[in-house]
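In: Fold the following and give me the result.
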Amino acid sequence: MHVEDHVDLPLPFSVRTALVRVIQECTANMAKYARPGAPCTVMIERTDVETRALFLNDAREGAEADSALSSGVGLIGVRERVEAVGGSLVVRHHDGRWIIQASIPTISSMSEGQVERAAQH
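Out: Next comes the predicted model:
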């Protein structure tokens, strides 16, 4: 584990809530779909205008098609939450690895109603 400076700086409630949910769902996916014993990487980077999260792990054999482990809505909910606060989510399975990238504006420009809806998910 490595922690850079400024990670503990205050974030707007909507951004903090979206980021917590992204981390929860993506680390749960790592536990479900990572190759046993393989390293998993979580990187959070924050600037004045954007907070980015990157999740990397080696995929377990057949994990991309194993619907028995998944409700199928986890990452859909993450995408909706991130987009509700003006961000974006990219999910890829490439070269035997899961790669999830979330980008959330550090200062939300959404209306209060949009922020409240995002907090409820």
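In: Just the helices from the protein, written as ranges.
Out: Applying DSSP state H to the chain gives helices spanning 13-33, 74-84, 112-120.
In: Adding distance to residue 100, mean pLDDT and mean neighbour count, write these out as TSV.
Out: C-beta coordinates here come from the backbone N, C-alpha and C atoms, glycine included. Formatted as TSV, the helices of the chain follow (distance: least, Cβ to Cβ, whole Å; pLDDT from 0 to 100; neighbours: other Cβ atoms under 10 Å):
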stretch	distance to residue 100	mean pLDDT	mean neighbour count
helix 13-33	5	89	18
helix 74-84	8	90	18
helix 112-120	18	49	14
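In: Nearest to residue 96 among those helices would be which one?
Out: helix 13-33 (11.5 Å; Cβ to Cβ).
In: Next, the angle helix 74-84 makes with the closest one.
Out: Helix 13-33 runs at 160 degrees relative to helix 74-84, counting by axes from the mean of the first three to the mean of the last three Cα atoms, to 10 degrees.
In: Distance to residue 39 for the helices of the chain - can I get that in CSV?
Out: Converted to CSV, the helices of the chain look like this (distance: least, Cβ to Cβ, whole Å):
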stretch, distance to residue 39
helix 13-33, 10
helix 74-84, 21
helix 112-120, 31
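In: Quick one: end-to-end distance for stretch 93-101.
Out: 12 Å (Cα to Cα, to the nearest Å).
In: what's the distance between that stretch and the middle of its chain?
Out: Relative to its chain's centre, stretch 93-101 lies at 13 Å (Cα atoms, centre = their mean, to the nearest Å).
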